[in-house]
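Colleague: Pasting the sequence and the predicted coordinates here, then a few questions.
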Amino acid sequence: MNRILVVDDEPQIRRMLRTSLQSSGYEVVLALDGADGLKHFEEERPDLIITDLAMPNLNGVELTQAVRRLGTTPIIVLSVRDADAMKVHALDEGADDYLTKPFSMPELLARVRAQLRRTPAMPVESGPIEVGDFVVDPEAHTVAVQHAAVHLTPKEFDLLLLLARAPGKVLTHKVLLRAIWGPAGDGQPEYLRVLVAGLRKKIERFEGKRYIQSEPWVGYRFLPSGFTSTEG
């Protein structure tokens with residue numbers, strides 16, 4: 001049974017999450033704030049953390065930073081709509097996904113399942129990456145989508161490789177810019193917009209499928225089995 005640590009200073013949120021997660025077959029550990037959450041993380045070693053961002057003692061970003069110094073446990077952050085800057089900061093510091101309050105429990109449970117499925121495959125793969133409709137070979141520098149070869153520029157390949165190694169995870173603009181262009185990418189979001197647009201044209205021409213989902217003001221999410229335009 002997977003153990004999930006819920007960190008939130010609002011009692012009603014903790015109760016709601018505990019009830020829903022337990023009814024879905026998870027063991028749940030509750031923490032009252034970030035400092036309490038870090039203590040429970042060190043003692044309980046949960047399989048996944050769900051944390052609020054705005055909390056006393058230790059906020060969600062600081063908790064994420066502390067957890068990342070200790071391991072790779074998946075982290076889903078919860079935020080209100082006016083906390084975009086903190087939400088992006090948490091993702092840059094290592095959080096794996098986010099949901100904006102109010103959220104639906106079915107969506108949160110789907111995000112939980114997705115993170116738990118990915119956890120065993122966290123180490124970077126050295127051979128070809130086969131995920132969804134894609135086969136990406138870092139050594140041969142080749143890409144196939146639905147078994148058809150796709151020719152990419154070096155930077156398009158770098159972008160796709162980053163996305164393919166983190167399917168379903170939100171990668172922020174800052175993380176992508178730094179990974180592809182280094183310090184020269186700081187503060188240059190137009191670089192990324194142009195690169196994403198070019199990559200989309202080459203990989204999203206099969207049966208009308210889309211694979212790169214925009215997360216407004218945050219970054220991009222790669223869905224390797226595709227999604228329809230109505231899904232984002």
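Modeller: Cool, got the structure. Residues are numbered from 1 along each chain as shown.
Colleague: how close does residue 61 get to residue 85?
Modeller: The gap separating residue 61 from residue 85 is 10 Å, by Cβ to Cβ, to the nearest Å. C-beta here means a position set from N, CA and C on the backbone, and glycine is covered the same way.
Colleague: So for these two, which sits in the more crowded spot?
Modeller: Neighbour count, other Cβ atoms under 10 Å: between residue 61 and residue 85, residue 61 has more, with 24 against 10.
Colleague: these two touch, right, that one and residue 88?
Modeller: No: using Cβ atoms under 8 Å, residue 61 is not in contact with residue 88, being 9.9 Å away.
Colleague: So which bits of the worst-scoring helix or strand of the chain on mean pLDDT are buried?
Modeller: In the chain, no helix or strand scores lower on mean pLDDT, DSSP states H and E than helix 84-92, which sits at a mean of 83. Going by neighbour count (16 or more other Cβ atoms under 10 Å), the buried part of helix 84-92 is 86-92.
Colleague: Can you name the element that comes right after it?
Modeller: strand 97-100 (DSSP states H and E).
Colleague: For that following strand, list every residue counted as buried.
Modeller: Buried-residue list, strand 97-100, by 16+ other Cβ under 10 Å: 97-99.
Colleague: now swap in stretch 130-142 and tell me
Modeller: Within stretch 130-142, the residues scored as buried using 16+ other Cβ under 10 Å are 131-136, 138.
Colleague: Pipe those into CSV and attach pLDDT per row.
Modeller: Converted to CSV, the buried residues of stretch 130-142 look like this (pLDDT from 0 to 100):
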residue, pLDDT
131, 93
132, 94
133, 94
134, 96
135, 96
136, 95
138, 88
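Colleague: At the geometric centre of the chain, which residue sits there?
Modeller: Central residue of the chain (Cα atoms, centre = their mean): residue 169, 2.6 Å from the mean position.
Colleague: Is that residue in contact with residue 96, as I believe?
Modeller: Yes: in this structure, residue 169 is within contact of residue 96 by Cβ under 8 Å, at 5.4 Å.
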